[in-house]
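Enquirer: Predicted coordinates and the sequence they were generated for:
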Amino acid sequence: MSIKLENVSKTYLHKGNRIEALKPVDLTIQSGEIFGLIGFSGAGKSTLLRMMNLLEFPTTGSVAVGDVVLTDLDKKSLRIKRQKIGMIFQQFNLIESKTVYENIEFVLKAGKFDKKQMKSRINELLELVGLSDKHDQRPGNLSGGQKQRVGIARALANDPEVLLCDEATSALDPETTKNILKLLKDINKKLGITIVLITHEMEVIKDAADRVGVMSAGEIVEINDVYSIFSHPKHTVTQGFVQDIYDFIVPKHIQESDAHRLVTLKFLNDNAEENHLNQLYREFKLDISILNGRIEYIKDEPLGIIMLSVSGEETEINRMLTYIDDIAGVERADIYG
Ligand SMILES: Nc1ncnc2c1ncn2[C@@H]1O[C@H](COP(=O)(O)OP(=O)(O)OP(=O)(O)O)[C@@H](O)[C@H]1O
């Protein structure tokens, strides 16, 4: 199901001060996509996410999920529609005194299942998230990853059209994060559910998102498909996030040396796996050494960044740079260093 926000803004009143948490935004999230929202703390990510199920009511604008305009619904219709919008949280929000089974049963009670249907539905959900053997455990006996799996099972209980993930992996270690993201991607594929996830980690975006919105100071400052965000980040906030992933360190003596010219190259798509450096070694009378380099696979598409230290005649270096500019799929990139 698609999510459509038109002119949505949110201003909080706090101790007499107006806090513009979200400036007016238009955003359409396509049915079936995984949409990532990234930004620093306070950028407005949670506020924007909470607009999508009206956990917070917008100050201006309208929110629609599919054909249903949530902002036009009365309380009862909204409560029913909300059952089709699942949500998971950083701190899992499970009921500690209830078992895994009961935690899921609790949300199903709001639906229309008899006892037998309920049992088979809960078993099905636990199988989907890989927790069939944990029925009777209480959250206190589960790892963080297992707790989030319960959170996901609970969020999926009423067959939602949309799943909102509020920093769902921020409390988890990197390995568990990968496993939970894999589960979310499997669910997205298998069930066709639209997923919105907010995070402050670019790794999460890289692993899971189809498209990305970058937020800063209550605005979406850039929006694009995930490969373009990594390969051609435009806004300085986006560039900062991408740099964090590559994190190339230039040795101080090279930074300060006049004899070396730093050249960072970007190899796009299939070019990332080709050895263009051999061409440079062959064609130019220059000393070229590799300081750093890495290929990232973004939705299985390679993106290579390599940082070179080049020394030799200035004119020869410039000739090489012009030559590089003419190679299709290879670009100079200053921002990764
Ligand atoms: N209920 C509230 N009352 C007053 N101000 C709020 C409220 N909720 C959020 N804010 C403010 O709105 C701004 C955006 O907050 P929001 O939680 O959406 O950001 P965020 O990007 O999700 O950050 P974080 O990652 O730290 O949760 C912040 O300045 C925050 O202090």
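Expert: It's in.

Enquirer: Using the record's domain definitions, break this structure down for me.
Expert: Using automatic domain parsing, the domain parsing of the chain gives 3-232, 248-332.

Enquirer: Average pLDDT for the last one, rounded please.
Expert: Put plainly, it is domain 248-332. Taken as a whole, domain 248-332 carries a mean pLDDT of 85.

Enquirer: Tell me how far the residue nearest to Gly66 when sequence neighbours are not counted lies from Gly86.
Expert: Leaving aside its sequence neighbours, Gly66 sits nearest to Met1 (CB to CB, 6 or more residues apart in numbering; 4.2 Å). Bear in mind the C-beta positions are built from the backbone N, C-alpha and C, glycine included. Taking CB to CB, to the nearest Å as the measure, Met1 falls 12 Å from Gly86.

Enquirer: and stretch 153-162, C-alpha only, in PDB?
Expert: In PDB, the C-alpha atoms belonging to stretch 153-162 read as follows (Å, rounded to 0.1, in the frame of the first residue of the first chain):
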ATOM      1  CA  ALA A 153       5.500 -11.100  14.700                       C
ATOM      2  CA  ARG A 154       3.200  -8.900  16.800                       C
ATOM      3  CA  ALA A 155       3.300  -6.100  14.200                       C
ATOM      4  CA  LEU A 156       2.400  -8.500  11.500                       C
ATOM      5  CA  ALA A 157      -0.400 -10.200  13.400                       C
ATOM      6  CA  ASN A 158      -3.300  -8.300  11.800                       C
ATOM      7  CA  ASP A 159      -1.900  -8.600   8.200                       C
ATOM      8  CA  PRO A 160      -0.800  -5.000   7.900                       C
ATOM      9  CA  GLU A 161      -0.300  -3.300   4.600                       C
ATOM     10  CA  VAL A 162       2.400  -1.100   6.000                       C
END
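
Enquirer: Run a quick neighbour tally on the closest residue to Ser132 other than its chain neighbours.
Expert: Using CB to CB, 6+ apart and skipping residues adjacent in sequence, the residue nearest Ser132 is Leu126, 5.0 Å away. Neighbourhood size, Leu126 [other CB atoms under 10 Å]: 20.

Enquirer: Could you pull out the buried residues of the strand or helix carrying Leu126?
Expert: Leu126 belongs to helix 115-128 when assigned by DSSP states H and E. The neighbour-count check on helix 115-128 (16 or more other CB atoms under 10 Å) flags Met118, Arg121, Ile122, Leu125, Leu126, Leu128 as buried.

Enquirer: Contacts only, for the closest residue to the ligand within the stretch 151-300 of the chain.
Expert: Across the stretch 151-300 of the chain, no residue is closer to the ligand than His200, which sits at 5.8 Å (CB to the nearest ligand atom). Counting by CB atoms under 8 Å, 6 or more residues apart in numbering, His200 touches Ile38, Gly39, Phe40, Ser41, Lys45, Glu167, Ser170.

Enquirer: What about Tyr281, how many residues nearby?
Expert: Should you count by other CB under 10 Å, Tyr281 turns out to have 11 residues around it.

Enquirer: Chain neighbours aside, what residue packs nearest to it?
Expert: Ile288 (6.3 Å).

Enquirer: doesn't the one you found fall inside a helix?
Expert: No. Membership of Ile288 in a helix is not supported by DSSP: H, G, I helix; E, B strand; the rest coil, which gives strand.

Enquirer: neighbours around it, how many?
Expert: Using other CB under 10 Å, Ile288 has 17 other residues around it.

Enquirer: which residues sit in contact with it?
Expert: So Ile288 contacts Leu277, Leu280, Tyr281, Leu308, Ser309, Val310 (CB under 8 Å, 6+ apart).

Enquirer: what about the second one, is that helix, strand or coil?
Expert: When the structure is split into helix, strand and coil by three-state DSSP, Leu280 lands in helix.

Enquirer: list the contacts for Glu161?
Expert: Counting by CB under 8 Å, 6+ apart, Glu161 makes contact with Met1, Val65, Gly66, Lys84, Ile85, Ile193, Thr194.

Enquirer: Glu222 versus that one, what's the distance?
Expert: For Glu161 relative to Glu222 (CB to CB), the value is 27 Å.

Enquirer: Mind checking the pLDDT average for stretch 90-108?
Expert: Averaging pLDDT along stretch 90-108 gives 92.

Enquirer: hmm, who's touching stretch 164-171?
Expert: Stretch 164-171 has contacts (CB under 8 Å, 6+ apart) with 46, 49, 52-53, 85-92, 144, 148, 151, 176-177, 180-181, 184, 195-201, 204.

Enquirer: What subset of those is buried?
Expert: When these are checked for burial by 16+ other CB under 10 Å, the buried set is 46, 49, 52-53, 85-90, 92, 144, 148, 151, 176-177, 180-181, 184, 195-201, 204.
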